[in-house]
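Engineer: What follows is a predicted structure for the sequence shown.
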Amino acid sequence: MKDILVVAKLKEGKFEKFMGFMQSEQGMDERRKIADLTKTLGTVSPDKSAVMFKIAVHNMDALNSFLNGSNSVSKPIFEEVMVSYEIFELNKV
């Protein structure tokens, strides 16, 4: 498993829609294909324009598919709510 940090910028007023999907059964099922959900830490910016998640990823290809629009489940919602995202690999120092 790799520790990964994902930072996503959201369209104005779309935080609730984004979180609704991420916490839905459909969203949770897709996220389980990517990472160990028990190790996920998340936070949101004060103005709800950005979210950040530290995740323990076991399938990088699935993560990339989930975020870049090639996953048929996440594509419609992310096209509606997301402006951009960045992925960082975390290493202990």
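Structural biologist: Thanks, I have the structure now.

Engineer: The protein: helices as residue ranges?
Structural biologist: 15-23, 25-32, 60-68, 75-81 (DSSP state H).

Engineer: Mean neighbour count added to those, as JSON lines?
Structural biologist: The C-beta positions use only the backbone N, C-alpha and C, and glycine is treated the same way. Converted to JSON lines, those look like this (neighbours: other C-beta atoms under 10 Å):
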{"stretch": "helix 15-23", "mean neighbour count": "16"}
{"stretch": "helix 25-32", "mean neighbour count": "14"}
{"stretch": "helix 60-68", "mean neighbour count": "17"}
{"stretch": "helix 75-81", "mean neighbour count": "15"}
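
Engineer: Any idea which of those gets closest to residue 51?
Structural biologist: Nearest of those to residue 51, taken as C-beta to C-beta: helix 15-23 at 7.0 Å.

Engineer: what residues does that closest one touch?
Structural biologist: Residues outside helix 15-23 that contact it (C-beta atoms under 8 Å, 6 or more residues apart in numbering): 8, 10, 27-28, 31, 44, 48-49, 51, 74, 77, 80-82.

Engineer: pLDDT on it, on average?
Structural biologist: Per-residue pLDDT over helix 15-23 has a mean of 95.

Engineer: and the closest residue to residue 70 other than its chain neighbours, how far is that from residue 33?
Structural biologist: Nearest residue to residue 70 in three dimensions, chain neighbours excluded: residue 64, at 7.8 Å (C-beta to C-beta, 6 or more residues apart in numbering). When distance is defined by C-beta to C-beta, to the nearest Å, residue 64 is 12 Å away from residue 33.

Engineer: do residue 93 as well
Structural biologist: 30 Å.

Engineer: Tell me which of the two has more neighbours.
Structural biologist: Neighbours were counted for residue 93 and for residue 33 using other C-beta atoms under 10 Å; residue 33 has more, 15 against 3.

Engineer: doesn't residue 62 make contact with the more buried one?
Structural biologist: Yes - contact between residue 33 and residue 62 holds when scored by C-beta atoms under 8 Å: they sit 4.9 Å apart.
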